[in-house]
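**Student:** quick one, fold the following:
(one chain, ligands or ions: 2)
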Amino acid sequence: MSDYLLEMKGIVKRFDGVPALNGIDIAIRPGECIGLCGENGAGKSTLMKVLSAVYPHGSWEGEILWQGQPLEARSIRDTEAAGIIIIHQELMLVPELSVTENLFLGNELTLPGGRMNYPAMNRRAEQLLAELQLSDVNVVLPVMNYGGGHQQLIEIAKALNKQAKLLILDEPSSSLTAAEIAVLLEIIRALKAKGVACVYISHKLDEVAAICDTIVVIRDGAHIATTPMAQLDVNRIITQMVGRDMQQLYPKQERTLGEVVFEARHVTCFDVDKPQRKRVDDVSFALRKGEILGIAGLVGAGRTELVSALFGAYPGRSQAEVWLHGARIDSSTPLKAIRAGLALVPEDRKQHGIVRDLDVGQNITLSVLARFARFSRLDREAELATVRDQIGRLALKTASPFLPITSLSGGNQQKAVLAKMLLTRPDVLILDEPTRGVDVGAKYEIYKLMFELASEGMAIIMVSSELAEVLGIADRVLVMGEGRLRGDFPNRDLTQEMLLSAALEH
Ligand SMILES: Nc1ncnc2c1ncn2[C@@H]1O[C@H](COP(=O)(O)OP(=O)(O)OP(=O)(O)O)[C@@H](O)[C@H]1O
Ligand SMILES: [Mg+2]
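**Tutor:** Numbering: from 1, shown residues only. Ligands and ions are numbered 1, 2, ... in the order given. Purely as a prediction, here's the structure:
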């Protein structure tokens, strides 16, 4: 019997003849946690989809040995039966179904006679969520009632409900806060102690360093290195990932800020389900020309609700007075908001960011199509030139603008959404978790772009759960907690601890 739980040998996966994986070897022992690292588009998710038979045996080359035996799985059902459980990078929840129904999808508990055993499932669902210290979720409500961070935890709970020998976590923490990530890492440690192996994929390299025993780095579909974590640190992982040293993570530029251009007054949002409950409670703030304003806070603090209300995109009832250049504007719908000079890059690119049926280029020009109208036709050449320009500017990795947007890696989809909103040339750009799932190199490019835009006079609001990023980028930081403004700090001598304690204060 082999020492290894899993061996993948010489894995090659092509899309339309173009190799995304070029002969990758990887081996995992029981109880071992592998950190799979690489830039956006390196092939991490593809490799894990090969392993979990999202791409079935026969659609790739190479060999998978599971507990020493060849594994020729035809579907994710086969791999789940073997004990390979994957948490996908893109959430797979069904928004209209309840939390419980999602947790048990395909795995339902039934009563004799075949009817669903809802009481038992609800009880188990509550238990699973309690393990993740998620106390404010009502398991009988539809999943769509909950925000990105909660949905991510629900997805994790769904995986924990299955019997895993190998748990694959593909960017599990991109919308979790530090406290939630700590809980997740604790759970993984407990699973490891029981002999469960993990593959952990995250662009938050601190987490990778904290939890993983071994780091596998891939670049452009090729294996670069397999190294025990004990011989590495975060900087050396970055060097292996990008193929060069990165001294500086935040390209901060000193700028002089202009006059106040934007004001939000008395923003209040009411809960979609419990209309008497406020998710955002009377928040007011102002923004100056060229300023980058960070908004920090824990999940559920009301940050996403606040910015979507400013942009007319809050799903429930909300009130907001929005002022631009000293005049009150109507931003009660996203279209009106864009016309008035605002742009929002939403947190959840799958639901609100990309149009899955369109190609990369069409997604980018979607918001400004009118600009290419020549009489009754579209000027395709001008459109394509703009698309190529945006692709270059953001270093968006795609073989062609005509590929389906869904064929891009997660981080590159994020860049496409950013490109789209930048084309509207807004006065105020609102970014909700702009670097979520984006690799270190690409993050640097996005920050550089933010500084460029700010020095051209754009005012930028950035909601981010990564405190290091907020401190690295923002001129000023608002801290929210339970729907209220808990602090407004100029970013001078500010620390993560100060932001956290403001977020937690009562
Ligand atoms: N369905 C598909 N059709 C065509 N190309 C694809 C498809 N899925 C992935 N690719 C390509 O394969 C390469 C690897 O993508 P993958 O999603 O595995 O990257 P990743 O390492 O997970 O990146 P990220 O960190 O952004 O999630 C990319 O160049 C991507 O465009
Ligand atoms: Mg991926």
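
**Student:** any idea how many residues pack against A474?
**Tutor:** For A474, the count of nearby residues is 25 (other CB atoms under 10 Å). Where C-beta positions appear, they are placed from N, C-alpha and C, glycine not excepted.

**Student:** now the one 4 residues further on
**Tutor:** Residues within reach of L478, counting by other CB under 10 Å, total 25.

**Student:** ramachandran angles for it?
**Tutor:** Its backbone dihedrals place L478 at phi -100, psi 140, with angles given as degrees, to the nearest 10.

**Student:** repeat for the one 10 residues further on
**Tutor:** With angles defined as degrees, to the nearest 10, D488 sits at phi -140, psi 100.

**Student:** pretty sure it sits against L478.
**Tutor:** Yes. Judged on CB atoms under 8 Å, D488 makes contact with L478 at a distance of 5.4 Å.

**Student:** shared neighbours of the two, which are they?
**Tutor:** Residues touching both D488 and L478 by CB atoms under 8 Å, 6 or more residues apart in numbering: F285.

**Student:** and the helix or strand encompassing L167, what does it pack against?
**Tutor:** Element membership of L167 [criterion: DSSP states H and E] is strand 166-170. Applying 3 or more CB pairs under 8 Å, 6 or more residues apart in numbering; DSSP states H and E, one finds that strand 166-170 makes contact with helix 44-51, strand 84-87, helix 148-160, helix 178-193, strand 197-201.

**Student:** right, so of those, which gets closest to ligand 1?
**Tutor:** Across the helices and strands packed on strand 166-170, ligand 1 has its closest neighbour in helix 44-51 (3.3 Å, CB to the nearest ligand atom).

**Student:** and the helices in the stretch 401-506 of the chain?
**Tutor:** 410-422, 440-455, 467-473, 496-504 (DSSP state H, counting those that start in this stretch).

**Student:** looking at those helices, which is buried most?
**Tutor:** Each of the helices of the stretch 401-506 of the chain was scored by mean neighbour count; the highest is helix 410-422, a mean of 24, by mean count of other CB atoms under 10 Å.

**Student:** tell me the pLDDT of M1.
**Tutor:** M1 carries a pLDDT value of 62.

**Student:** cool, and L358?
**Tutor:** Looking at L358, its pLDDT reads 93.

**Student:** skipping adjacent residues, who's closest to it in space?
**Tutor:** I405 (6.2 Å; CB to CB, 6 or more residues apart in numbering).

**Student:** and that neighbour, what does it touch?
**Tutor:** Counting by CB under 8 Å, 6+ apart, I405 touches 354-356, 358-360, 363, 413, 416.

**Student:** nearest to ligand 2, out of those: which one, please.
**Tutor:** Q413 (9.7 Å; CB to the ion).

**Student:** surely that closest one and V355 touch.
**Tutor:** No. Q413 lies out of contact with V355 (CB under 8 Å); the separation is 11.1 Å.

**Student:** can you give me the helices in the stretch 251-400 of the chain?
**Tutor:** 303-310, 334-340, 360-365, 380-393.

**Student:** which strands or helices does the longest one pack on?
**Tutor:** Right, helix 380-393. Against helix 380-393 (3+ CB pairs under 8 Å, 6+ apart) you get helix 360-365, helix 410-422.

**Student:** how much space between the residue of the chain positioned farthest from its centre and ligand 1?
**Tutor:** The C-alpha centroid of the chain is most remote from G113, which lies 41.6 Å away (CA atoms, centre = their mean). Separation of G113 from ligand 1 (CB to the nearest ligand atom, to the nearest Å): 42 Å.

**Student:** what about the host helix or strand of P19, average pLDDT?
**Tutor:** Per DSSP H and E, P19 falls inside strand 18-28. For strand 18-28, mean pLDDT is 94.

**Student:** what lies in contact with that strand?
**Tutor:** Contacts of strand 18-28 (CB under 8 Å, 6+ apart): 4-14, 34, 36, 43, 46-47, 50, 60, 62, 166, 197, 199, 216, 218, 220-223, 226, 399.

**Student:** then stretch 95-109?
**Tutor:** Against stretch 95-109 from outside (CB under 8 Å, 6+ apart): 93-94, 116-118, 120-122, 124-125, 128-129, 137-144, 146, 154, 157-158, 161-162, 351.

**Student:** which ones among those residues lie within helices?
**Tutor:** Within the contacts of stretch 95-109, residues falling in helices by DSSP state H are 118, 120-122, 124-125, 128-129, 154, 157-158.

**Student:** in the stretch 301-450 of the chain, what residue comes closest to ligand 2?
**Tutor:** Nearest residue of the stretch 301-450 of the chain to ligand 2 (CB to the ion) works out as G410 at 4.5 Å.
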